[in-house]
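Peer 1: I'll drop the sequence and a predicted model, then ask my questions.
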Amino acid sequence: MRNVAFIINPFSAKKNYHPFLRALKKRISDPVYYISESIEDTYHFIDTHFFDTDIFVAVGGDGTISTVAQKLINTDKILAIFPAGSGNGFSNETKFSKNIDDLLTKIKTRKTKQIDTFTVNGRLSINVSGTGFDGKVVKEFEKTERGFKNYIKVSIKTFFNYKPVQIKFLTDNYQQYNGKYLMLNIANTRQFGNNAYIAPKASKSDGLVDLVLVKKFPLTYSPFFAFRMFTKRLKDDQYVTYLPVSEIEFEVNTKNWHLDGEFNKIESPISVKVQPKSLNILQ
């Protein structure tokens with residue numbers, strides 16, 4: 001397959017990438033692929049093959065996809081995806097399935113679309129990033145074997161012990177929202193992953209992200225919150241506030257963040273900026 005390279009994260013999907021690789025080799029003679037052991041390895045491979053490759057296929061979860069995308073931002077190169085993560089939020093939102101034949105058909109067609117990305121203090125995010133409760137959850141989740149069940153277990157355990165974070169907005173017209181929150185999320189697409197829709201109205205191509213402020217709610221509200229999140233019905237109420245923004249600045253009294261599901265330490269003040277139509281993605 002001409003001018004296409006596959007970048008495989010061997011640690012995704014419980015380290016079981018071999019079925020994908022066998023299926024790929026059955027369908028393509030001598031495919032160009034790379035099994036990457038680190039972010040630096042991925043960057044080096046893309047740099048090496050940048051001028052002779054049109055489409056880079058990320059085989060992994062949202063973190064892997066974001067790593068590959070980092071090198072493709074504001075270029076004419078195209079991102080494609082074979083989802084192999086625990087949540088696959090960005091893959092779901094961009095309509096990539098675990099059907100390799102569908103992926104190869106898309107690659108042959110080469111229809112593309114430009115979508116937005118955003119940065120948090122200069123660090124790229126393509127899907128959903130956040131701080132507060134979910135930042136802590138991701139930190140603890142990375143100590144487990146991953147998987148949806150472990151994510152739920154960690155979330156429940158963390159919820160009961162977690163103290164809200166203090167948010168102070170530095171951007172004019174948003175200081176009325178200063179206060180304590182269970183979590184703050186920045187959503188370029190609608191979902192975290194596993195069809196958990198934190199921002200049902202978010203669009204990846206409108207030049208905006210949805211800033212989602214969630215106050216700590218009583219245990220009795222938890223079933224309603226979960227039901228609404230998994231049925232795309234979350235909306236503004238006494239606990240949830242949505243602020244569509246193109247850029248915003250604020251301070252938060254924690255350094256614990258997740259960027260596309262990967263734990264990061266980021267110091268305040270925080271600057272969020274949308275990069276409109278900055279990434280070419282296969283359709």
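Peer 2: Thanks, I have it.
Peer 1: please count neighbours and contacts with C-alpha atoms only from this point.
Peer 2: Noted.
Peer 1: residue 130 and residue 183 touch, don't they?
Peer 2: Yes - look at residue 130 against residue 183 with CA atoms under 8 Å: they come within range, at 7.2 Å.
Peer 1: which one's more surrounded, these two?
Peer 2: residue 130 (26 against 22; other CA atoms under 10 Å).
Peer 1: which helix or strand contains the more buried one?
Peer 2: Using DSSP states H and E, residue 130 falls within strand 128-132.
Peer 1: okay, now the sheet partners of that strand, with direction.
Peer 2: strand 183-187 (antiparallel), strand 256-259 (antiparallel) (DSSP bridges).
Peer 1: give the buried residues for the last one.
Peer 2: Within strand 256-259, the residues that qualify as buried by neighbour count (16 or more other CA atoms under 10 Å) are 256, 257, 258, 259.
Peer 1: do the same with the longest one
Peer 2: Across strand 183-187, burial judged by 16+ other CA under 10 Å covers 183, 184, 185, 186, 187.
Peer 1: look up how far residue 243 lies from the residue nearest to the first one when sequence neighbours are not counted.
Peer 2: Pointing back at residue 183 there. Of all residues beyond its chain neighbours, the one nearest residue 183 is residue 132 (4.2 Å), with distances taken as CA to CA, 6 or more residues apart in numbering. For residue 132, the distance to residue 243 equals 17 Å [CA to CA, to the nearest Å].
Peer 1: between these two, tell me which one has more neighbours.
Peer 2: residue 132 (27 against 15).
Peer 1: next up, the contacts around the more buried one.
Peer 2: 164, 165, 181, 182, 183, 184, 254, 256, 257 (CA atoms under 8 Å, 6 or more residues apart in numbering).
Peer 1: likewise for residue 32?
Peer 2: So residue 32 contacts 4, 5, 6 (CA under 8 Å, 6+ apart).
Peer 1: among those residues, name the ones in helices.
Peer 2: Using DSSP state H, no member of the contacts of residue 32 falls within helices.
Peer 1: any idea which of these has the most stuff around it?
Peer 2: Busiest of those [other CA under 10 Å] is residue 5, holding 23 neighbours.
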